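**Q** Sequence and predicted structure are below.
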Amino acid sequence: MEILEQKHLALIDEAERRGDGPTANLRLCFEVIALAAAIDRDCAARLAPHNLSEGKFVLLFLLHQLPDGLSPHELADRAGVTRATVTGLLDGLERDGFLARQQSKDDRRKVLVRLSPKGEDAARELFDTHTRWIASLFAGFDESDRQTLSTLIQRAWRNTDGGRKAVQTKAASEITQ
């Protein structure tokens, strides 16, 4: 069974035609990309019937069980997105009845975001089903398999620009301590 997209197969074929050396690492990278893309597609398909994207789902579970709510900028920080992105996500969630924005009782300039009963129900139900689905992707993996895969993924990540930067930043902070 071939999991690679045609564009990736074409790149591998071209690299082999040029004799650019072994293409096993290229193939492996494209297999990881294909897996991530398949998970993203499945995730989107599972959330779509609820009128949710992954970003909206993240905001729901961040707000779940926080009766006092959070400000939009706190949500953006916790979700790791820009304030502009969180505004768009909140607009959609509010339009669909999952949440409400309210002025803070302490500071009328501050807006707090709270889940509606519909949002609470969706967050509780979807968090459980979604995390079970994610866990099922690695069904049949024992602890050794999971540890090996995690170690290999981290090794590959350290070879990315972001991974190298994180390693350098960590090393620099350890030197200054």
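**A** Arrived safely, thanks for sending. Numbering: from 1, shown residues only.
**Q** Nearest to the spatial middle of the protein, which residue is it?
**A** When the chain is reduced to its mean C-alpha position, the closest residue under Cα atoms, centre = their mean turns out to be residue 54, at 7.3 Å.
**Q** check which helix or strand covers the residue lying closest to that residue once chain neighbours are set aside.
**A** The spatially closest residue to residue 54, leaving aside those adjacent along the chain, is residue 43, at 5.7 Å (Cβ to Cβ, 6 or more residues apart in numbering). For glycine as for every other residue, the C-beta is placed from the backbone atoms N, C-alpha and C. Element membership for residue 43 (DSSP states H and E) is helix 24-47.
**Q** Quick check: which helices or strands does that helix pack against?
**A** For helix 24-47, the helices and strands in contact under the criterion 3 or more Cβ pairs under 8 Å, 6 or more residues apart in numbering; DSSP states H and E are helix 6-18, helix 54-63, helix 117-136, helix 143-158.
**Q** Check what pLDDT residue 1 gets.
**A** Looking at residue 1, its pLDDT is 65.
**Q** now the angle between helix 54-63 and the helix holding residue 43, please.
**A** Angular relation of helix 24-47 and helix 54-63 on a 0 to 180 degree scale: 70 degrees, by axes from the mean of the first three to the mean of the last three Cα atoms, to 10 degrees.
**Q** Need the contact partners of helix 24-47.
**A** When contacts are taken as Cβ atoms under 8 Å, 6 or more residues apart in numbering, the neighbours of helix 24-47 outside the stretch itself are 3-5, 8, 11-12, 15, 53-54, 56-57, 126, 130, 133, 137, 153, 156.
**Q** Mind checking which of those residues are buried?
**A** By the neighbour-count criterion of 16 or more other Cβ atoms under 10 Å, the contacts of helix 24-47 include these buried positions: 8, 11-12, 53, 56-57, 126, 130.
**Q** Farthest pair within these?
**A** Using Cβ to Cβ, the buried ones among the contacts of helix 24-47 reach their maximum pairwise distance at 12 and 126, which is 37.9 Å.
**Q** mind giving me the domain ranges of this protein?
**A** Each domain of the chain is listed here as a residue range: 1-50, 51-156, per automatic domain parsing.
**Q** which of those sits most buried?
**A** Mean neighbour count (mean count of other Cβ atoms under 10 Å) peaks for domain 51-156 among these, with a mean of 14.
**Q** So what's the gap between it and the chain middle?
**A** 10 Å (Cα atoms, centre = their mean, to the nearest Å).
**Q** Now do that domain: distance from first to last residue.
**A** Taking Cα to Cα, to the nearest Å, domain 51-156 runs 35 Å from one end to the other.
**Q** contacting residues for residue 82?
**A** Residues counted as contacts of residue 82 (Cβ under 8 Å, 6+ apart) are residue 76.
**Q** Check the one 5 residues further on too.
**A** Contacts were defined as Cβ under 8 Å, 6+ apart; by that measure residue 87 touches residue 72.
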